[in-house]
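Undergrad: return atomic coordinates for the entry below.
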Amino acid sequence: MDKNNLPKMSKDPVFLLEDSFGSSSMLVYILTSTKRKEMKEKIRNSLWHWMKNNHFDSLRDQLVDVAIVYHTDKLRTKRQDVDNVAKVVLDSIKRDSKNTELPFLINDDSQVVRLQVQKLEKTKMDGYETDQVSISFRIHDPSKQMILVNLNEIGIRS
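TA: Alright, predicted model coming up:
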């Protein structure tokens, strides 16, 4: 079965940065070695309305902490470079210098003071594509640790 035609579903927990200013979790298959431009566009499209939210206007010029948690298959968990996952995601949420009309979360990835990226093996489900990426962020506060919270464990997601 073609990966593009698989139904989307995940049983994996959603991990978000404690005291997040904002967060999003989506089912998306991230390719970092090829088609990087297409991956950025796919993530940006998934986050389109989220990034247009006026609630984030006060954040767009701030220094931020960002957490990215990516659930993927066993092979990708072992072989995919975590810095490439981060680069694709950060490029997707920053202002596009070539098309400034596109929504964005931050003006430039240089605003990211701390970045936590984690790859986890996904829970396989026959007939479903289950790769999931969760992105959370907050205004940088050097007094706070980068702690990930499992939404399932605190009863927000079941």
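Undergrad: what helix or strand is the residue nearest the centre of the chain on?
TA: By Cα atoms, centre = their mean, the chain has its centre lying nearest to Ile135, at 3.4 Å. Here Ile135, judged by DSSP states H and E, is contained in strand 132-139.
Undergrad: the residue nearest to the centre of the chain contacts Ser23, doesn't it?
TA: Yes: taking contacts as Cβ atoms under 8 Å, Ile135 lies within contact range of Ser23: 6.6 Å. (C-beta placed from N, C-alpha, C; glycine too.)
Undergrad: what about the residue nearest to Val85 when sequence neighbours are not counted, which SS state?
TA: Nearest residue to Val85, sequence neighbours excluded (Cβ to Cβ, 6 or more residues apart in numbering): Tyr70, at 5.4 Å. Put simply, Tyr70 is strand when judged by DSSP: H, G, I helix; E, B strand; the rest coil.
Undergrad: so Tyr70 makes contact with Ile30?
TA: Yes: contact criterion Cβ under 8 Å: Tyr70 and Ile30 qualify, at 6.5 Å.
Undergrad: list the residues that contact both of the two?
TA: Between them, Tyr70 and Ile30 share these contacting residues under Cβ atoms under 8 Å, 6 or more residues apart in numbering: Val85, Asp131, Val133.
Undergrad: what's the closest of the residues you listed to Lys52?
TA: Val133 (19.2 Å; Cβ to Cβ).
Undergrad: show the pLDDT at that closest one.
TA: On pLDDT, Val133 comes in at 89.
Undergrad: contacting residues for it?
TA: By Cβ under 8 Å, 6+ apart, the residues touching Val133 are Ser25, Met26, Val28, Ile30, Ile43, Ile68, Val69, Tyr70, His71, Val85, Val89.
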